[in-house]
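1. Below are the sequence and a predicted model; questions follow.
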Amino acid sequence: MTQGCAYYSRMTSSASDTRQIKPSWIATFKVYLEPPTVRMLLLGFSAGLPLLLVLGTLSFWLREAGIDRTTIGYLSWVGLAYAFKWAWAPLVDRMPIPLLTRWLGRRRSWLLLAQLAVMVGLVAMSFNDPRVALQPVVWGALAVAFGSATQDIALDAFRIESANTDRQAALAAAYQTGYRLAMIWAGAGVLWIAARAEVAGVADYQHGAWQTAYLVMAASMLLGMLTVLLSPEPHHRPMPTPKNALEWLHGALVEPFADFLRRYGKQALLILGLIAIYRISDVVMGIMANPFYVDMGYTKDEVAAVTKIYGVIMTLAGAFVGGVLSMRLGVMRVLMLGAILSAASNLLFAWLGTRGHDVTALIFVISADNLSSGIASAAFIAYLSSLTNLNYSATQYAIFSSMMLLAPKFLAGYSGRYVDAFGYQYFFVATATLGVPVLLLVWLAGRVKSP
């Protein structure tokens, strides 16, 4: 009996000591050199490439082609593909692809198929001029969006299954770094290529320049495809073989939802509410950012250098800081910091609108906005990852990330009409106020106990 008590005491003391020990700063930074982290950096590039090409950069292209702001706002609903990816996430999570899954495994086969869809969609967009026929460009953008959303489903599961919980913040930071590097290429790269491909002396809009730029972007997806082919399939728990289609549907569609509700009970509604609106300020504002730059008279090279290169570097710094702070201080504290900074930074765009064509002011605003966005994104991805059950990682994470975009993307569709009616300054102030309820939800969610 005494021996048992002594053993229990040693184990309790050891567990207590383990909980109190934090990794050294050197050990914390070394996690970014581990193979899973490096792979996530490269796959993050593949994930980040399509987004701007169907939302941000596309809006610049459309505005330069003479498409009105209201139409551009409505076309942002192409991004709702990301908000409804939960609908086919169970298929990506569980359904094998003939031949391809046997060769590459469940996660990598879906990643490769999705990347092929993105490449084909970008090629289709490049061969259609929105000034002549807008609809074919929209169909190509939809193909890119659905392929990109499918890639996100498989990649989120790949990331979650590639490391333990204590490494998820680092993987999220690496993912964000690759993602933002791709956004430099899909933002600044596209504008730089399009500017250089223009025929000298022709001041009017030139479709050929944009065609060249989008074909280069399509070829850039080869980096992600090569990474998939060279990466190992992550270890994941084997799925039980269903007896019939009904049992399969229950396991694929119903059980992931039910599992989350069982684990969090009534608190699940609070968590889902936070997920639904956490990024609302950034998403709604972002749709009109590129039309704003065009209307303020900024050139392609200025936008490329300041917002698409320097700005993304600031986002990388924010993602790195957010990942490190999340590991040291805890995810919820950094989540609150990111929410405050994201809402406040939108007010700077309202101030920028009073400055006219002022590159120095643009640099200052972009610095603050992108640093805030990087911190918020790294913490938010780590938070979403902590909510998933490994048995349903792809489906549950798709549900969370879809909810994150549904309300913001829907509301953003009306951003062009709002700007046309009230102007850019009132629009930016309104987007900042959308972030106020987020602060309360973060505080309440921080009081939720993990199951």
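-> Yep, it's here.
2. C-alpha only now, for contacts and for neighbours.
-> Will do.
3. show me where pLDDT drops low in the stretch 251-400 of the chain?
-> Low-confidence segments of the stretch 251-400 of the chain, defined by pLDDT under 70: 251-253, 390, 392-394, 398.
4. Where do the helices of it begin and end?
-> Under the criterion DSSP state H, counting those that start in this stretch, helices of the stretch 251-400 of the chain are mapped to 255-264, 267-277, 280-286, 289-295, 300-303, 311-329, 331-352, 359-386, 393-412.
5. and Leu49, which of these is closest to it?
-> Of all the helices of the stretch 251-400 of the chain, helix 311-329 sits nearest to Leu49, with 12.9 Å by CA to CA.
6. what's the closest one in contact with?
-> Here helix 311-329 makes contact (CA atoms under 8 Å, 6 or more residues apart in numbering) with 28, 166, 169-170, 172-174, 176-177, 180-181, 183-184, 331-334, 363, 366-367, 370-379.
7. Just the buried residues of the residues you listed.
-> 169-170, 172-174, 176-177, 180-181, 183-184, 331-332, 334, 366-367, 370-379 (16 or more other CA atoms under 10 Å).
8. is it true that Ile309 touches Ala188?
-> Yes. Using CA atoms under 8 Å, Ile309 is in contact with Ala188, at 6.1 Å.
9. between those two, who's got more neighbours?
-> The neighbour comparison of Ile309 against Ala188 (other CA atoms under 10 Å) goes to Ala188, with 25 against 20.
10. and the residue nearest to the more buried one when sequence neighbours are not counted, what does it touch?
-> Leaving aside its chain neighbours, Ala188 sits nearest to Ala304 (3.9 Å; criterion: CA to CA, 6 or more residues apart in numbering). Counting by CA under 8 Å, 6+ apart, Ala304 makes contact with Gly187, Ala188, Gly189, Leu191, Trp192.
11. In space, what's closest to the third one - neighbours in sequence excluded?
-> So that's Gly189. That would be Ala304: by CA to CA, 6+ apart, it lies 7.3 Å from Gly189.
12. Next, count neighbours for Tyr214.
-> 24.
13. measure it to Gly356 for me?
-> 30 Å (CA to CA, to the nearest Å).
14. And for Tyr298?
-> 10 Å.
15. Who has more neighbours out of these two?
-> For Tyr298 versus Gly356, the count of surrounding residues by other CA under 10 Å is larger for Tyr298: 18 against 14.
16. looking at it, the more buried one is touching Leu362, isn't it?
-> No. The criterion here is CA under 8 Å, and Tyr298 misses it with Leu362 at 9.8 Å.
17. Are there residues contacting both of these two? Which ones?
-> By CA under 8 Å, 6+ apart, no residue touches both Tyr298 and Leu362.
18. Tell me which of the helices of the stretch 251-400 of the chain lies nearest to Trp86.
-> Closest among those, using CA to CA: helix 393-412, at 5.0 Å.
19. hmm, who's touching the closest one?
-> Applying CA under 8 Å, 6+ apart, the external contacts of helix 393-412 come out as 73, 76-77, 79-80, 82-86, 89-90, 92-93, 153-154, 156-157, 160-161, 256-257, 260, 272, 275-281, 283-285, 287, 384-385, 388-389.
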